[in-house]
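**Student:** Sequence and predicted structure, then a few things I'm wondering about:
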Amino acid sequence: MRLTGQLARVHARLGHADAATEILQVLLKQAEREPVHAAGLFTCDAARVLSISATAYLSLDQHEQARRTAQEAVTVYQQAPPWSSPTRQAITRIDLAVACARLGDPDRSVAEGLTALTATRYAAAIVTRARDLQKKLKRAYPSAAVVGNLRRGLAELYAAQE
């Protein structure tokens with residue numbers, strides 16, 4: 001299932017909307033038969049499938065579908081055991097933040113981005129995606145004061161990593 005998810009993301013990034021959508025439909029059906037949360041580095045579970053799907057929907061510019069799917073994944077992760085994919089949870093929050101930004105909600109976008117920065121497991125992917133989110137917000141909402149909160153959150157994270 002993880003490879004199927006990666007295939008969906010690749011097709012989405014390449015702009016192959018029909019192929020990506022078809023694969024996402026298969027993937028989401030497969031996820032219905034999987035546990036909601038699974039332990040282990042190489043496992044796949046329904047929460048991860050939702051998260052990967054949200055990323056693909058963003059690449060397809062299906063912002064509302066990305067928001068709904070990411071929100072569903074966040075809800076599932078909030079009910080997860082403490083060991084359940086803190087990095088993937090943070091990335092899902094950033095995907096939700098991007099979807100919210102693209103749908104005209106910079107306040108929620110920044111809130112989700114800041115939550116992602118509190119991940120219990122540091123990963124470069126979180127910082128990279130949060131930086132991209134900050135750039136998107138700055139371009140889309142140049143006069144929104146709330147965007148500065150994400151910049152400050154990133155600065156604090158950098159300082160803590162040094």
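**Tutor:** Yes, it's here.
**Student:** hey, let's count contacts and neighbours off CA atoms from now on
**Tutor:** Will do.
**Student:** Spatially central residue for the protein, please.
**Tutor:** In the chain, the C-alpha nearest the mean C-alpha coordinate belongs to Thr92, at 2.4 Å (Cα atoms, centre = their mean).
**Student:** Contact partners for the closest residue to it other than its chain neighbours?
**Tutor:** Nearest-residue entry for Thr92: Ser51, 5.5 Å, with adjacent residues in sequence omitted and distances by Cα to Cα, 6 or more residues apart in numbering. For Ser51, the contacting residues are 69-70, 73, 88-89, 91-92, by Cα atoms under 8 Å, 6 or more residues apart in numbering.
**Student:** right, and the residue nearest to the centre of the chain touches Val74 too?
**Tutor:** Yes: judged on Cα atoms under 8 Å, Thr92 makes contact with Val74 at a distance of 6.8 Å.
**Student:** any residues in contact with both of the two?
**Tutor:** Here Thr92 and Val74 have no joint contacts, going by Cα under 8 Å, 6+ apart.
**Student:** so what are the domain limits for the chain?
**Tutor:** According to automatic domain parsing, the chain is divided into the following domains: 1-82, 85-162.
**Student:** Which of the ones you listed has the lowest mean pLDDT?
**Tutor:** Note on those: lowest mean pLDDT is at domain 1-82, with a mean of 86.
**Student:** Which of the helices or strands spans Gly15?
**Tutor:** Per DSSP states H and E, Gly15 falls between elements, in no helix or strand.
**Student:** Grab the nearest non-local neighbour of it.
**Tutor:** Leaving out its chain neighbours, the residue that sits closest to Gly15 by Cα to Cα, 6+ apart is Leu60, at 6.7 Å.
**Student:** quick one, what contacts the one you found?
**Tutor:** If you count contacts by Cα under 8 Å, 6+ apart, Leu60 has them with 12-13, 15, 17.
**Student:** any idea which of those residues is the one closest to Arg33?
**Tutor:** Ala12 (23.9 Å; Cα to Cα).
**Student:** How many neighbouring residues does that closest one have?
**Tutor:** Residue neighbour count, defined by other Cα atoms under 10 Å, stands at 25 for Ala12.
**Student:** Which strands and helices lie in contact with the helix or strand encompassing it?
**Tutor:** With elements taken from DSSP H and E, the one containing Ala12 is helix 2-13. Packing partners of helix 2-13 (3 or more Cα pairs under 8 Å, 6 or more residues apart in numbering; DSSP states H and E): helix 17-31, helix 46-59.
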